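Novice: Prediction below, plus the sequence it came from.
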Amino acid sequence: ICKAQDAGFSNINLDLMYALPDQDLAMALHDVEQAIALQPQHLSHYQLTLEPNTLFAAKPPAGIPEMDDAWDMQEQCIALMAEHGYAQYEVSAYAKPGKRCQHNLNYWAYGDYLGIGAGAHGKISSGADGSILRRWKPKHPETYISLAGTVQGIGGDEYVLPENRPFDYMLNALRLVDGFSLQDFEFRTGLSRESIAPELQKALAEQWLIQDGDWLKPTELGMRFANDVMGLFLA
């Protein structure tokens, strides 16, 4: 990071992972302290996840902290970052004022993007007919290169069906501390706000969301149980 700063970069991110094998609270806090000492403008701080269908999940390492211990790490690390001016604006993203990651915000706001490169994914919306296309490229670099410029080089694509759009949208928008507007939901998905009224009422009743006019945002409880809130919108 020092070399990047010396080169003139003014908005730098550091990624930190916690709940690592044999890690305790003091070690997790020390990692954050060391990161803050380097004075980056942005920090990504997320828990180790053993993804299904991976060798890591099939043969997990010993010493992974219990969930309660991982929660203590998350809670106290968030507090430490806040003390130093890093405000949480997404599930695992913290930034100094004016330094939020615009690239990632586009994903979380359900914006469009092109996927270029092996294994890349893209999302393209059509204003003409309201369709939403998700497209991906071949994962293996050699396959991607050999098929570049051909129809097969696309890898695959599919349209997001209307019944799947609420979950597709919420999977991103509900990661944001600031939440989303119902007007934006309608604009991005082509659906009416009435189409998700029962799910929103459930989330409000559980105190996972709060509503202020057209705007909805997760509560602290809702951020903690983000997967459950998102799950309400599954088709």
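Specialist: Yep, that arrived.
Novice: Neighbours of residue 95, how many?
Specialist: For residue 95, the number of neighbouring residues by other Cβ atoms under 10 Å comes to 22. Any C-beta I mention is one placed from the backbone N, CA and C, and that applies to glycine too.
Novice: Pull the contacting residues for it.
Specialist: For residue 95, the contact set (Cβ atoms under 8 Å, 6 or more residues apart in numbering) comprises 41-43, 86-87, 89, 101.
Novice: from the residues you listed, which is closest to residue 27?
Specialist: Set against residue 27, the nearest of the contacts of residue 95 by Cβ to Cβ is residue 43 (16.7 Å).
Novice: Hmm, residue 88 is touching residue 94, no?
Specialist: Yes - between residue 88 and residue 94 there is a contact under Cβ atoms under 8 Å: 5.2 Å.
Novice: Overlap in contacts, the two.
Specialist: 78, 81.
Novice: Give me the more crowded residue out of those two.
Specialist: Each of residue 88 and residue 94 has its neighbours counted (other Cβ under 10 Å); residue 94 has more, 25 against 16.
Novice: from the chain's centre, how far out does the helix or strand hosting that one sit?
Specialist: According to DSSP states H and E, residue 94 maps onto strand 93-95. Distance of strand 93-95 from its chain centroid, counting by Cα atoms, centre = their mean, to the nearest Å, is 12 Å.
Novice: Can you tell me the strand partners of it and which way each runs?
Specialist: strand 42-47 (antiparallel), strand 87-90 (antiparallel) (DSSP bridges).
Novice: by contact count, what packs against the helix or strand bottoming out on mean pLDDT in the chain?
Specialist: Counting by mean pLDDT, DSSP states H and E, the weakest-scoring helix or strand in the chain turns out to be helix 55-58, with a mean of 88. If contacts are counted by 3 or more Cβ pairs under 8 Å, 6 or more residues apart in numbering; DSSP states H and E, helix 55-58 sits against no helix or strand.
Novice: in it, what counts as buried?
Specialist: For helix 55-58, the neighbour count (16 or more other Cβ atoms under 10 Å) marks no residue as buried.
Novice: for stretch 34-48, same thing?
Specialist: Using 16+ other Cβ under 10 Å as the test for burial, stretch 34-48 gives 35-36, 40-45, 47-48.
Novice: Name the residues that touch it?
Specialist: Taking Cβ under 8 Å, 6+ apart as the rule, stretch 34-48 contacts 1-2, 5, 10-20, 32, 64, 70, 73-74, 77-78, 80-81, 84, 86, 91-96, 99-101.
Novice: So which elements touch whatever helix or strand residue 142 lives in?
Specialist: If you go by DSSP H and E, residue 142 is part of helix 141-147. Using 3+ Cβ pairs under 8 Å, 6+ apart as the contact test, no helix or strand touches helix 141-147.
Novice: Show me what whichever helix or strand comes after it is packed against.
Specialist: Once the chain leaves helix 141-147, the next helix or strand it forms, by DSSP H and E, is strand 156-159. The helices and strands touching strand 156-159, judged by 3+ Cβ pairs under 8 Å, 6+ apart, are strand 132-136.
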